[in-house]
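# any chance you can model this:
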Amino acid sequence: MSRILPVFVVLLFAGLLADAFSGFEVIRRSGSVFGGIGMLLVLGVLYIFVEEVGSRVAEIDSTEQPLPRRVLNLFVFLVSMVVVATVFYYVFSFFKI
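Residues are numbered from 1 along each chain as shown. I've put the predicted structure just below:
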């Protein structure tokens, strides 16, 4: 339990931070407290995933690389954003937000 609580708090804080960037839409539209907390946790996981993918792509990408390699890096980043948006849409539909 002592290992799970800090992860829970970090994910909740990351979700709240991401929700603050969007104007607190998740908190305003959630039907219940548990639905809002669940959405903030999912939002936190997706936010941390996007940050990690973005930093890895930026770390790999270099101006010295040939154009096809740079296009592949951009494609990987865009595909990951589509996956995050799709997961976010289905989770929103599940919680009816």
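# next one: stretch 26-37 to chain centre, how far?
The chain centre lies 17 Å from the centre of stretch 26-37; the measure is Cα atoms, centre = their mean, to the nearest Å.
# what of stretch 74-88?
For stretch 74-88, the distance to the chain centre is 10 Å (Cα atoms, centre = their mean).
# for that stretch, which positions count as buried?
77, 80, 84 (16 or more other Cβ atoms under 10 Å). Every C-beta, even on glycine, is put in place using the N, C-alpha and C of the backbone.
# got the contact list for that stretch?
Residues outside stretch 74-88 that contact it (Cβ atoms under 8 Å, 6 or more residues apart in numbering): 42, 43, 46, 49, 50, 53, 54, 57.
# measure the nearest residue to residue 8 once chain neighbours are set aside to residue 73 for me?
Nearest non-adjacent residue to residue 8, counting by Cβ to Cβ, 6 or more residues apart in numbering: residue 41, 7.5 Å away. Between residue 41 and residue 73 the computed distance is 30 Å (Cβ to Cβ, to the nearest Å).
# what does residue 7 give?
Residue 7 is 29 Å from residue 73, by Cβ to Cβ.
# so between those two, which is more surrounded?
residue 73 (17 against 11; other Cβ atoms under 10 Å).
# wait, doesn't that one sit right on residue 57?
Yes. Judged on Cβ atoms under 8 Å, residue 73 makes contact with residue 57 at a distance of 5.3 Å.
# residue ranges with poor pLDDT in this protein?
Along the chain, the parts satisfying pLDDT under 70 run over 1, 97.
# helices of that one, start to end?
4-21, 25-29, 33-60, 67-95 (DSSP state H).
# buried residues, the third one. List them.
So the one you mean is helix 33-60. For helix 33-60, by 16+ other Cβ under 10 Å, it's 35-47, 50, 53, 57.
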